[in-house]
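[1] structure, please.
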Amino acid sequence: MHHNRSPKDKLFLFLKGLAMGAANKVPGVSGGLVAFVAGFYEEFIYSLQKFNLKAFKLLINKRYESFYYYINGRFLTLLVLGMVFSYFSVSKVLDFFIKYYELYVWATFFGMIIGSIYYISKDFKLNSAKTLIFIGVGMLVGVGISLLEPAVENDNLWFVFICGIIGVSGMTLPGLSGSFILILIGNYVLLLVDSVNALFDTITDIFTLDFSFTENPERMRLLQVLTSFTLGSVVGLVTLSHLLGYVIKHYKNITYAIILGFITGSLGVVWPWKEKIFKTNAQGKLLFDGNGNKVLDNYDRYLPDMSNPETYFAIVFIIIGILIVFALERYGNANRKPVKIKA
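    Down below sits the predicted model:
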């Protein structure tokens, strides 16, 4: 398991982190899906499992090098660096594309999910009614989630902590989009837009030695929210990875069947042809959030109009999405290393 990584490996790991970070931000797509298709999902779960009592003891005894080695530190550090970097780079680009070319962005992700379904089911023996039932259960949950009504924003710190645990589930569970679930709980804008921007502004302020933000109640509130969300995410990552490590080891087929179902169910969330429906008040007036953006209520999905040239472009992007997955998978197969998962 512990091998020295070449510079090329390190770069690829950083890029995988970038891809996971970008995927986590898009509602309907999960970082776990990227890990799954690029062939490093099990190593990811395995490394997270190492945050246990033994790791804690190594830390307390100041054996930092052993600790770093024990938790597969280089793998996680590069991956996390990629993700963090992605929030300030790739996901800003994604925001732009979602704003102006929304149909094509969704189409590409739709293609990627179709590719992933093919890729996972190919290695999968559909030899029993039981696996079909589990795929069905996963699909129902996936579709059910995509039809739920979004709730109102809530910045209670305990609730935000729980959002952290839930939001991170998308990183560890392929096909379950953490950011989509945050939209449903009503906290997507608060946690993945406002508070990340507040952090961005704060870092900029600190660099310019401007500490006036400490007097700004709104900013301090958002930083508290972000801290609580981050703590929830860490707790979620560690606990979920232990649970998943156990489940993958003992019930691998069932787990993969449910994941396959989840991913298939999430096609509904990413369906490219949809219209945004915005929240209105009792008088039918549009509601806006603190930044003057309309508040998303849900999507109205429709069938593509075949007389519209845009539809054909979107189909091309779906095919590109499928090809991206195949390229990732070929790369993943060439570089796949065996991983021991322990219960």
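
[2] after the helix or strand bottoming out on mean pLDDT in the chain, which helix or strand is next?
    When each helix and strand of the chain is scored by mean pLDDT, DSSP states H and E, strand 296-301 comes last, with a mean of 67. Sequence order places helix 309-334 as the next helix or strand after strand 296-301, per DSSP states H and E.

[3] from the chain's centroid, how far away is the helix or strand harbouring residue 277?
    Assessed by DSSP H and E, residue 277 sits inside strand 274-278. The chain centroid and the centroid of strand 274-278 are separated by 22 Å under Cα atoms, centre = their mean, to the nearest Å.

[4] and it, what's buried?
    residue 274 (16 or more other Cβ atoms under 10 Å). (Glycine included, C-beta is placed from N, CA and C.)

[5] before we move on, what about stretch 74-83?
    Under the neighbour-count criterion of 16+ other Cβ under 10 Å, stretch 74-83 has 74, 75, 76, 77, 78, 79, 82, 83 buried.

[6] nearest to residue 246 among these?
    Nearest to residue 246 out of the buried residues of stretch 74-83 is residue 76 (Cβ to Cβ; 19.7 Å).

[7] output the below-cut-off pLDDT ranges for the stretch 1-150 of the chain.
    Scanning the stretch 1-150 of the chain for pLDDT under 70 picks out the ranges 1-5, 27-28, 91, 123-127, 149-150.

[8] 80 instead, please
    Within the stretch 1-150 of the chain, the stretches with pLDDT under 80 are 1-9, 22-30, 36-39, 87-95, 98-99, 119-129, 142-150.

[9] residue 11: how many residues sit nearby?
    13 (other Cβ atoms under 10 Å).

[10] that one is in what secondary structure piece?
    Per DSSP H and E: helix 7-25 holds residue 11.

[11] can you give me the angle that helix makes with helix 309-334?
    For helix 7-25 against helix 309-334, the angle by axes from the mean of the first three to the mean of the last three Cα atoms, to 10 degrees is 140 degrees.

[12] name the helices or strands packed onto helix 7-25?
    helix 31-37, helix 73-88, helix 90-100, helix 157-172, helix 178-185 (3 or more Cβ pairs under 8 Å, 6 or more residues apart in numbering; DSSP states H and E).

[13] so what touches it?
    With contact meaning Cβ atoms under 8 Å, 6 or more residues apart in numbering, helix 7-25 is reached by 5, 29-31, 33-35, 38, 40, 74-75, 78-87, 89-91, 94, 170-171, 178-179, 192, 331, 335.

[14] of those residues, select the buried ones using a PyMOL command.
    Buried members of those, defined by 16+ other Cβ under 10 Å, are picked up in PyMOL with:
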select buried, resi 29+30+31+33+34+35+38+40+74+75+78+79+82+83+86+87+90+91+94+170+171+178+179+192
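
[15] distance to residue 52 for the buried residues of stretch 74-83 - can I get that in TSV?
    Listed next are the buried residues of stretch 74-83 as TSV, based on distance: Cβ to Cβ, whole Å:
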residue	distance to residue 52
74	19
75	16
76	14
77	18
78	21
79	19
82	24
83	22
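
[16] now, which of these sits nearest residue 62?
    Checking the buried residues of stretch 74-83 one by one against residue 62 (Cβ to Cβ), the nearest turns out to be residue 77, at 19.1 Å.

[17] roughly how far apart are the closest one and residue 55?
    14 Å (Cβ to Cβ, to the nearest Å).

[18] go on, residue 24?
    Distance from residue 24 to residue 55, by Cβ to Cβ: 24 Å.

[19] just want to know which of those two has more residues nearby.
    Between residue 24 and residue 55, counted using other Cβ under 10 Å, residue 24 has the larger neighbour count: 26 against 17.

[20] from what I can see residue 72 touches residue 46, true?
    Yes. Using Cβ atoms under 8 Å, residue 72 makes contact with residue 46 at a distance of 7.3 Å.

[21] residue 44: how many residues sit nearby?
    For residue 44, the tally of surrounding residues (other Cβ under 10 Å) stands at 27.

[22] cool, residue 254 as well?
    18.

[23] pretty sure it contacts residue 133?
    No. Between residue 254 and residue 133 there is no contact under Cβ under 8 Å: 9.7 Å.

[24] tell me the buried residues in stretch 52-62?
    Buried, per 16+ other Cβ under 10 Å, within stretch 52-62: 55, 58.

[25] against residue 13, how distant is residue 69?
    For residue 69, the distance to residue 13 - Cβ to Cβ - is 16 Å.

[26] name the residue in the two with the higher neighbour count.
    residue 13 (20 against 14).

[27] against residue 80, how distant is the more buried one?
    Computed as Cβ to Cβ, the residue 13 to residue 80 distance reads 10 Å.

[28] looking at the helices and strands packed on helix 7-25, which is closest to residue 238?
    Of all the helices and strands packed on helix 7-25, it is helix 157-172 that lies closest to residue 238, at 9.7 Å by Cβ to Cβ.

[29] tilt between the closest one and helix 73-88?
    110 degrees.

[30] pull out the buried positions in the longest helix anywhere in the chain.
    For the chain, the helix with the greatest residue count under DSSP state H is helix 217-250. Residues of helix 217-250 classed as buried: 219, 222-223, 225-230, 232-233, 236-238, 240-242, 244-245, 248 (neighbour count, 16+ other Cβ under 10 Å).
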